[in-house]
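**Q** Predicted model, plus sequence, below.
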Amino acid sequence: QSQLVESGGGLVQPGGSLRLSCTASGFTLDYYTIAWIRQAPGKEREGVACLSSDESDTRYADSVKGRFTISRDNTENTAYLEIHNLKPDDTAVYYCAGGKQGCWPDEYDYWGQGTQVDVSS
């Protein structure tokens, strides 16, 4: 079964950091653009970071620039999202998704199940 599995979420105090992981199984992540997309309660989904398959294009939402870093390790078939200086507004379910097009893909072939990030004191 081909799938993406996220991990690394949790409860963090404001100003803290997390590293989210997105591991692919059943397919090779190398060929896919990876996006991290979050959804907060009552809000629409927001793409926060995107990295093309050849790593030539990296994009971030304005709300996270300078705090979020997307990366990938093709030897581990895994993508990452490092988050620093977390804010309460970052509270959301974070999904990774893989698509064949460049950033930002119009559609995604794979979605993870999501990992919850809660930022609270």
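**A** Received, thanks.

**Q** Now do the contacts for the most centrally placed residue in the chain.
**A** By CA atoms, centre = their mean, the mean C-alpha position of the chain lies nearest to residue 36, the distance being 2.6 Å. Going by CB atoms under 8 Å, 6 or more residues apart in numbering, residue 36 touches 20, 22, 47-50, 68, 70, 79, 81, 94-97. In this view, the C-beta of every residue, glycine as well, is placed from N, C-alpha and C.

**Q** Find the nearest non-adjacent residue to residue 11, please.
**A** residue 118 (4.6 Å; CB to CB, 6 or more residues apart in numbering).

**Q** picking up where we left off before, of the contacts of residue 36, which is the nearest to residue 30?
**A** Closest approach to residue 30 among the contacts of residue 36 (CB to CB): residue 79, at 10.6 Å.

**Q** secondary structure class for the closest one?
**A** Secondary structure for residue 79, judged by DSSP: H, G, I helix; E, B strand; the rest coil, is strand.

**Q** what is residue 73 paired to in the beta sheet?
**A** residue 78 (DSSP bridges).

**Q** what ranges of the chain fall below the confidence cut-off?
**A** Across the chain, nothing is flagged by pLDDT under 70.

**Q** quick one, strands of it?
**A** 3-7, 10-12, 18-25, 33-39, 46-51, 58-60, 68-73, 78-83, 92-99, 110-111, 115-119 (DSSP state E).

**Q** what lines up beside the third one in the sheet?
**A** Listed by DSSP bridges, the sheet partners of strand 18-25 and their directions read strand 3-7 (antiparallel), strand 78-83 (antiparallel).

**Q** for the fourth one, same thing?
**A** For strand 33-39, the paired strands and their directions (DSSP bridges) read strand 46-51 (antiparallel), strand 92-99 (antiparallel).

**Q** got the contact list for the first one?
**A** With contacts defined as CB under 8 Å, 6+ apart, strand 46-51 is touched by 33-40, 57-61, 63-64, 68-72, 79, 81, 92, 94, 103-104.
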